[in-house]
Structure formats: structure tokens, C-alpha cells
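**Q** Please work out how this folds:
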Amino acid sequence: MTEPFILSVLYKGETLQLPAQLLLQGYIHRFKITVKDTDLLFEPDEEGLYRAVSMEAMAAGPMPAVDRDLLQLIQEQLAALSA
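**A** Numbering: from 1, shown residues only. Below you'll find the model as predicted:
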């Protein structure tokens, strides 16, 4: 399942079709989700919940402004996929 896929999220009455991909690195997995032309990585935290990390932030850049409600909806969708 490392092939690109579309993650559908209902946000403010509109269904967003977000390009996504599962990234595997050894025992670690992350999801790359593209939101508003920005690639975000979602990785599991210590509690098994997903947190958003900007790919630019991993290169010491600023986290782009993405609505918190949208991030939470994406996190919930990813948790449902992983269950």
C-alpha cells in the first residue's frame, strides 16, 4: 500500500480529495498528504495518534498555515485507516 492514493475528507461541507502516500522506513511509517500545494508528513506519536509535521519543517523551515480543524480531520481519517 505504498502506492499513492486519495484521502477523502469532509471539510466545511465540501469533500476534499487530498493526494496521499504511505512512506515506510524500517519500522517507522509516515503518511505524506498534500494540502494546498504543501506536503505534510503525518507520523504516529507516542500514544499512536498522528501528528502533522511539515516536510519543510524537517528541513528547518516554518510550518505552513493549515487550518487546525482540517489537520484534525486528516488525523482522524489516518487513524481510521490504521485501525
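**Q** burial measure for residue 31, as a count.
**A** Here the count is done by other CB atoms under 10 Å, and residue 31 has 23 residues near it. The C-beta positions use only the backbone N, C-alpha and C, and glycine is treated the same way.
**Q** shouldn't it be in contact with residue 44?
**A** No. Using CB atoms under 8 Å as the test, residue 31 is too far from residue 44 to be in contact (9.6 Å).
**Q** Residues in contact with both of the two, list them for me.
**A** residue 50 (CB atoms under 8 Å, 6 or more residues apart in numbering).
**Q** what packs against the longest helix belonging to the chain?
**A** Ranked by number of residues, the top helix in the chain under DSSP state H is helix 68-82. Counting contacts by 3 or more CB pairs under 8 Å, 6 or more residues apart in numbering; DSSP states H and E, helix 68-82 packs against strand 5-11, strand 28-35, strand 38-44, strand 50-54.
**Q** Report the helix or strand with the lowest average pLDDT across this structure.
**A** Least confident helix or strand, the chain: helix 55-58 with a mean of 54, by mean pLDDT, DSSP states H and E.
**Q** before we move on, back to that, for residue 22, which of the helices and strands packed on helix 68-82 is the nearest?
**A** Closest to residue 22 of those, according to CB to CB: strand 28-35, at 5.8 Å.
**Q** what about residue 67, distance to residue 37?
**A** Separation of residue 67 from residue 37 (CB to CB, to the nearest Å): 15 Å.
**Q** More neighbours: those two, which one.
**A** Using other CB under 10 Å, the more surrounded residue of residue 67 and residue 37 is residue 67, with 12 against 6.
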